[in-house]
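In: show me how the following folds:
(2 chains)
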Amino acid sequence: MKNLKLNILFFLSAGIAFTSCNEDTPDVNNPTDAHGAYIINYGNYGEGGASISKFDYENDEITNNYYYNQNDGLELISNIQYACEYNENIYMMGNNSDEIIITDRMFKQSIVGITDGISKPRFSVGKDDYLYISCWGENADWDIMPDSYVAKFNITTNEVEEKIEIPGGPEGLAIVDNNLYVALNYADSIAVVDLNDESTSYIQTPAVTSYFLKDNSNNLYVSLVSTYSDFSDAAGLGYINTSNNNLEETYTLNGISTEYTSIFSFNSDYSKIYVLGTHYDENWNVLGSVSVFDIESKAFTNFIDDISSPKGVTVNPENGDIYLFIAESVVEGGTFEIYNEAGELQSDYNVGNSPTMSLFLY
Amino acid sequence: MRHLLFVILVLAPTLFLWAEEPEPYAVYDSIFLDEITTYGDYIKYQPGAHIVNIKAENIQNSNEPALSQLLSRYSPIYIKTDAGGLATIRIRGTAPNHTTINFGGININSLTLGHSNISSVSMFLFDRIELQYGSSSSLNGSGAIGGSIYLNQKNQWTDGFSFQGKTMQGTFGEQLYGAKIALGNGKFESITKLYLYKKKNNFPFKNPYHENRIEDRTPVDDVQKGAAIENKGILQQFNYLFTSNEFLKSWFWYENSWHQIQPNMQTNLNYKTTETLDNKNIRAWAEYRNENNAIKYNIGAGFVHDYQVYDSVTTQEIITDRLVSEASAKYKINNMEFKLGTKYKYMVPDVYAYTDTAINNEQCFDLYVSWLYQPTSKFKTAINLRQTLVSEYNTPLTPSLGADYTVIKKSKNQLNLTANVASSYRVPTFNDRFWGKQGNPNLKPETGFNIEGGAKYKHTEAYSNTMLKVNVFYMNIDNWIEWRYHGVWQAHNIQQVVSKGLEIMAQQTFESGKTTSEVNINYTFNKIEAIENITGSGVINHQLRYSPKHIANLSYNLKYRHWSFFADGSYTGMRYTDYLGSTLPAYFLTNAGLHYSFKMNEHQADLSFSADNLFDVNYQNQKYYAMPGRTFRIGLSINLNY
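Out: Below is the predicted model:
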């Protein structure tokens, strides 16, 4: 209650201050410019708590509860697994309830979330008039994920036109040329769907996979992870030659994060990959770290060590800052930290509940 | 306010009874929540502890099928629950795994989770429930930090044959069928209790998370889907009475509880399917007690098999087995009594997520000693010590000291002062230590320190009894374990928590001719906060989630000849749901009912009608989960005695 009163006082003061400022001062309560980084706060599964925090990195201003404010007090009632921008809209993958929430670039929602054909949505990638959405399906057999699929979602009609059956727990997605690459989080392979005829082939991998990174030359990297249900000694990164769909190289990094959504990120010129990992200290406590994979030398180096509770890492493509998302529990506010390329902490901000990723709008 | 008014109105007859010329008082009866009047060892050796009971009659009258509902209604304890499938207990604000649930010599809490789903503990199988507030690890071992529950059977020693058949039909597809069969010759007896409970749980509610909520936020009518429950169980007793001080008792309890995992309101709107949770539990306990000689002794042995499968995925079964044995002896010299005992547990988990090298089995050996000293009839005190040895794990010595002093003892008035100091501990669960790669074998046990004191005043008139008890408590729990995200989800000794507060119990009984009435009021004020957190961002000095500061019950029972009427209300205060300021508002629920019973020779029949949530209050116990509005039950019970 004390915090609430302080917050109210702060906003009232801020309101007075803004009305007395000159006209160039941005009004955080009534934004008109979408430019910025939007931190997706997942919330607490089944109990809501998801939110969006907007970070205006040009003015170093954070605005929590951005979606709530933009929608006149509307709650995000699903837990947001992932969000992307496509065709001037924002698409958020909501879990429990399972839905695709569509907003404009200002995060204003005008239509109800799409639920038909959507079951445990995980990730999405767009091509032409379609958004391809990985879904885990209804069957909770997490050994094999027999009912999982990729939903082919038409963004002009907002309907799931088709379900492409992909057993094995599809997670991250990438499109190169006309192939849809599907990382399987419960099978040691990557599914490759030819979008011309929707035939599926598989690339065998030494571990289950979680996400892809694609550079501007269609070089495709995949995260290979060791999970408790599918242990592997070959966790790390893999390089896929998209011209022949071969896993050409693997680069071992024990402890690469099994977290979801943003466990690795290219830097702005695609010369490095920042990778989230974990290790155990002498007391069996798990600590997080960020490593850097140099594309040219193919080697990992430590970037940040001994991070408590990292949920995600990403790089701001505009200024190269490294963003780290930290959440120690699902019921407390999370933290968003900014590092420079030398690994020095520049600033940190309190954000919502369980921050996992950032969506950059330009 | 109208709900409170209703309760006050139903209490009004008590005032008239006060005004009437009383007739001679006959029976001190029909107590909803009473101080203990029958003594088990756990009561005898804890003279300063706060222990209350819920009587068999009240268990039966309430028509509540599960322990969770009974406690929500009649005790000032917070039960976190959805609409019936899953419920956990939080005594004095502590976590569910801080309360032991004792059946014979067995703590029925899951070895993997550390707690029980108390919505699957059927009240049809038990005659009496006793609640202990506060720590009792010196008697109950690991986990008895916040409190303990004792599931009891009454001593019967059946001579002849008796049969009780019960059925209850309620709204939203609620059905209970039960039978109790007892036969014996005064020495040997067999008691069989079996029941089937089903509920469709398709209740209506107002759903604010509807399809048009962007344009119009007014809640719409919705019906809960995918929240069905089906529990069934059998409790078989074979008992043999050698002499009045020597007997053999045995219990065999099989429980199969199945429920659909209730979708939250936003999911319910676009309901597709529901996952299920299926539990099968075998709990067996046998004990032999011999109190014929100066050295009285007791030996017991038991077996527990717990099986759980999520959504019928048989590749992900969670199975644990345990063997339990216990032996104790006690000896009385003048005004002192000594007790020495041991307990041994052999536990074997078979859990899909544990690696083969993590654990094969675990053994636990307890040694305990008690000393009861009663120098005068007005004063008694007891010291208990317990040391648990767990294979490859260190646990602390847990002492406790309690005392009860009768300050005033006159024909009409009695005042007792009580005090209790107890330490406690909890060994981390198997999941905490061995789950997948996240198991944390270096966890320390949680340790607690509990101090409390109280005063109990009783005033007895020819036609009435008044009781008032006030208890204050302070509890400090260190190395509190929670699963936190530190790169992976893992259990950690996260924080130190302090729980303190005040408990008030008041009771008034009155008899006038063929009319008896009773009023009970229970109130708890409980402030519980973390005072230290190992993580930099950990929230401290903030009321814990799902721990109301204020919780209260008020009940009234009126009997006239064959008829009885009851009404009760329960208040649950505001609860935080996270540490960002989200809360659930307080709510007040009102229940009422009517019973008619009649006897024919030795036989008896009871007809009951009751309504829960009489004023159809729309509320949430757990965030986003709909709860039923007004519900009705009609019950018929027949007792045949030969």
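
In: and A:Tyr270, what does it touch?
Out: A:215-217, A:219, A:295 (Cβ atoms under 8 Å, 6 or more residues apart in numbering or on different chains). Where C-beta positions appear, they are placed from N, C-alpha and C, glycine not excepted.

In: now swap in B:Thr388 and tell me
Out: Contacts of B:Thr388 by Cβ under 8 Å, 6+ apart are B:141-142, B:364-366, B:395, B:398, B:425, B:427.

In: measure the residue in the stretch 251-362 of chain A that chain B sits nearest to to B:Lys437 for me?
Out: As assessed by Cβ to the nearest Cβ, chain B sits closest to A:Thr278 within the stretch 251-362 of chain A, at 3.3 Å. From A:Thr278 across to B:Lys437, the span is 10 Å (Cβ to Cβ, to the nearest Å).

In: what is in contact with these two at once?
Out: In contact with both A:Thr278 and B:Lys437: B:Val488, using Cβ under 8 Å, 6+ apart.

In: helix/strand/coil for the residue nearest the centre of chain A?
Out: Central residue of chain A (Cα atoms, centre = their mean): A:Thr261, 3.5 Å from the mean position. Secondary structure assignment for A:Thr261 (DSSP: H, G, I helix; E, B strand; the rest coil): coil.

In: quick check, it in contact with A:Gly312.
Out: Yes - if you go by Cβ atoms under 8 Å, A:Thr261 and A:Gly312 touch, sitting 5.9 Å apart.

In: pop out the phi and psi values for B:Ile91.
Out: Main-chain dihedrals, B:Ile91, degrees, to the nearest 10: phi -80, psi 130.

In: right, I mislabeled it, should have said B:Lys44
Out: Taking degrees, to the nearest 10 as the convention, B:Lys44 sits at phi -60, psi -40.

In: one more: the one 3 residues further on?
Out: Per-residue torsions, B:Pro47: phi -70, psi -20 (degrees, to the nearest 10).

In: against chain A, how distant is the closest residue to it other than its chain neighbours?
Out: Distances taken as Cβ to Cβ, 6 or more residues apart in numbering or on different chains put B:Asp404 closest to B:Pro47, at 4.0 Å, once the chain neighbours are dropped. Distance of B:Asp404 to chain A, given as Cβ to the nearest Cβ, to the nearest Å: 40 Å.

In: again with B:Ile477
Out: According to Cβ to the nearest Cβ, B:Ile477 and chain A sit 18 Å apart.

In: other SSEs contacting the host helix or strand of that residue?
Out: Secondary structure assigned from DSSP states H and E places B:Ile477 in strand B:464-485. On a contact count with 3 or more Cβ pairs under 8 Å, 6 or more residues apart in numbering or on different chains; DSSP states H and E, strand B:464-485 meets strand B:446-460, strand B:489-512.

In: tell me the least confident of the contacts of B:Thr388?
Out: Among the contacts of B:Thr388, B:Thr395 has the lowest pLDDT, at 92.

In: can I assume that one sits in a helix?
Out: No - looking at B:Thr395 with three-state DSSP, it is coil, so not inside a helix.

In: ok, back up a step: now the phi/psi pair for the residue nearest to B:Pro47, please.
Out: Torsion angles, degrees, to the nearest 10, at B:Asp404: phi -140, psi 120.

In: thought it was touching B:Thr376?
Out: No - counting by Cβ under 8 Å, B:Asp404 sits too far from B:Thr376 to count as a contact (11.5 Å).

In: and the two? Which one has more around it.
Out: B:Asp404 (21 against 9; other Cβ atoms under 10 Å in any protein chain shown).

In: so in terms of bridging, what pairs with the more buried one?
Out: B:Lys380, B:Thr418 (DSSP bridges).

In: so how far is B:Asn152 from it?
Out: Distance from B:Asp404 to B:Asn152, by Cβ to Cβ: 22 Å.

In: what do you get for B:Phe379?
Out: From B:Phe379 across to B:Asn152, the span is 28 Å (Cβ to Cβ).

In: quick one: which of the two has more around it?
Out: Remark: of B:Phe379 and B:Asn152, B:Asn152 carries more neighbours, 18 against 15, as counted by other Cβ under 10 Å.
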